[in-house]
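Novice: Just the structure for this:
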Amino acid sequence: MKLEFSETFQQELPNRYLQFLDKHPDGTQIKIKGRYDARTWNMMGKEELLKRWTMDGVGEAANYECLKLYTQVQSEHSEDIYAHSAHFGRVKLERVAKGFVIAHENGDYLYIDPECSFSLWAYYHDGGGITKVSGSFDKFLKEKSLYKVL
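Specialist: Here you go, the predicted model:
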């Protein structure tokens, strides 16, 4: 997979995602018609990705890096250093914290995992669980039966 370095975000991101971001600079919505997880993801545009916010008692982060705040709280309130996935077992919280968040919906986050071939994962805020959504952003967009850009 060819990658492009993005100075704005200070990490490598898949070209297909960067092209999507250029095409939708103000963000868009993608409706997923998944068997177990039907929802509409609010894909963040460039400005929203960079917007910074503070989580009381934890710290500050840009939207794209907000998982580092959530995983910090999760590790402080539990002795478990893993996020759990029904289909993939346990994933270290430090890996989840490095995820690049690209969308949100009802408090949950869709993120690119740079440590797993830039696959797409969902982070569920109310339990700290995760699940793999797609093997790549490109595959995510190609699965036309599963999504619709609104």
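
Novice: From now on I want contacts and neighbour counts done on CA atoms only, so please keep to that.
Specialist: Fine.

Novice: Quick check: what element follows the worst-scoring helix or strand of the chain on mean pLDDT along the chain?
Specialist: Least confident helix or strand of the chain, by mean pLDDT, DSSP states H and E, is strand 3-6 with a mean of 53. Later in the chain than strand 3-6, the nearest helix or strand by DSSP states H and E is strand 11-14.

Novice: That next one packs against which elements?
Specialist: With contacts defined as 3 or more Cα pairs under 8 Å, 6 or more residues apart in numbering; DSSP states H and E, strand 11-14 has these neighbours: strand 3-6.

Novice: Please enumerate the helices of this structure.
Specialist: All helices of the chain, identified by DSSP state H, fall at 15-23, 46-50, 67-76, 93-97, 137-142.

Novice: Ala86: which of those helices is closest?
Specialist: helix 93-97 (15.5 Å; Cα to Cα).

Novice: Residues in contact with that closest one: which ones?
Specialist: Under the criterion Cα atoms under 8 Å, 6 or more residues apart in numbering, residues 65-71, 75, 81-83, 113, 115 lie in contact with helix 93-97.

Novice: So Phe140 is in contact with Ser119, correct?
Specialist: No. Counting by Cα atoms under 8 Å, Ser119 is not a contact partner of Phe140; they are 9.1 Å apart.

Novice: intersection of neighbour lists for these two?
Specialist: Common contacts of Phe140 and Ser119 (Cα under 8 Å, 6+ apart): 133-134.

Novice: Which one of the two is surrounded by more residues?
Specialist: Ser119 (21 against 16; other Cα atoms under 10 Å).

Novice: Just grab the bridge partners of the more buried one for me.
Specialist: Per DSSP bridges, the residues bridged to Ser119 are Asp113.

Novice: And the pLDDT at it?
Specialist: Note on Ser119: pLDDT of 92.

Novice: Hmm, Lys139 and it touching each other?
Specialist: No. Assessed by Cα under 8 Å, Ser119 is found out of contact with Lys139, at 9.1 Å.

Novice: how far away is the residue nearest to the spatial centre of the chain from His77?
Specialist: Per Cα atoms, centre = their mean, the C-alpha nearest to the average position across the chain is that of Tyr111, at 1.3 Å. Note on Tyr111: its distance to His77, by Cα to Cα, to the nearest Å, is 23 Å.
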